[in-house]
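Chemist: need a structure here:
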Amino acid sequence: MINKEEFRRRVITIAGQIFSRYGFRKTTMEEIARELKMGKSSIYYYFESKEEIFEAVVLHEANMLRNELTKAIKSVESPVGKMKNYVFVRMKAFEKLSNYYNAIFDKNLDHFDFIERIRSRYDREELAILRLILWDGARKKVFNVANSEYTALAVQTTLKGLEVPLFWQKKEVDIEKRLNAILDVLFNGILRK
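Modeler: You can find the predicted model right below:
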């Protein structure tokens, strides 16, 4: 007897690899079934459609990202360290969590309701994390932040602006240098002191 949760996890893992390789549109249920070495009907017993599998894959990757970010933030005490870890983990996760990021940014997937729910949850969670880091830094008198809401929005906008050049153009880019330059501007500004 197959354990239902174990089987679902296996489908999510295998399908995630296939979606990463070919994208949502080009992936077929036949490919997923073939890779799992079973019939499509077995998969349909656990998932109603390819869309439902993709949603499960995206949510799985979102949870992985959330766990990595939480661990990165908790691993250091200083607000500066928390912000640095957050930025580096978030930006480097693009490479590992391609299905999640495709769901967030691929306009061809806009017609799926779950994509919009995931996008808005992603934005809300990110703003909450950034606000918390900024509030903690201001409370400890490390950051000079008049309004953590607007500052969190500015940081989020900056990070989103980096996503296209870093990950969609597929150019060899020194991510570390770019992220450190962004963090330098964030922490030190551009005004002469």
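
Chemist: by mean pLDDT, which helix or strand of this protein comes out lowest?
Modeler: helix 98-105 (a mean of 71; mean pLDDT, DSSP states H and E).

Chemist: list the helices and strands the helix or strand that that one is followed by packs on?
Modeler: Where DSSP states H and E defines the elements, the next helix or strand beyond helix 98-105 is helix 113-139. Judged by 3 or more C-beta pairs under 8 Å, 6 or more residues apart in numbering; DSSP states H and E, helix 113-139 is in contact with helix 50-74, helix 79-96, helix 98-105, helix 148-163. Any C-beta I mention is one placed from the backbone N, CA and C, and that applies to glycine too.

Chemist: let's go with 6 Å and repeat that
Modeler: Counting contacts by 3 or more C-beta pairs under 6 Å, 6 or more residues apart in numbering; DSSP states H and E, helix 113-139 is packed against helix 79-96, helix 98-105, helix 148-163.

Chemist: that helix vs helix 148-163, what angle?
Modeler: 120 degrees (axes from the mean of the first three to the mean of the last three C-alpha atoms, to 10 degrees).

Chemist: helix 113-139 - what's its average pLDDT?
Modeler: For helix 113-139, mean pLDDT rounds to 89.

Chemist: tell me the angle it makes with helix 98-105.
Modeler: Going by the same axes, to 10 degrees, helix 113-139 makes 90 degrees with helix 98-105.

Chemist: re earlier: how far does the least confident helix or strand of the chain sit from the chain's center?
Modeler: Taking C-alpha atoms, centre = their mean, to the nearest Å, one finds the center of helix 98-105 at 7 Å from the center of the full chain.

Chemist: with just CA atoms, put that helix into PDB.
Modeler: Taking C-alpha atoms only, helix 98-105 is exported to PDB below (Å, rounded to 0.1, in the frame of the first residue of the first chain):
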ATOM      1  CA  SER A  98      12.600  28.300 -10.300                       C
ATOM      2  CA  ASN A  99       9.000  27.100 -10.200                       C
ATOM      3  CA  TYR A 100       8.100  29.400  -7.400                       C
ATOM      4  CA  TYR A 101       9.800  32.400  -9.100                       C
ATOM      5  CA  ASN A 102       8.200  31.500 -12.500                       C
ATOM      6  CA  ALA A 103       4.800  31.500 -10.800                       C
ATOM      7  CA  ILE A 104       5.500  34.800  -9.200                       C
ATOM      8  CA  PHE A 105       6.800  36.500 -12.300                       C
END
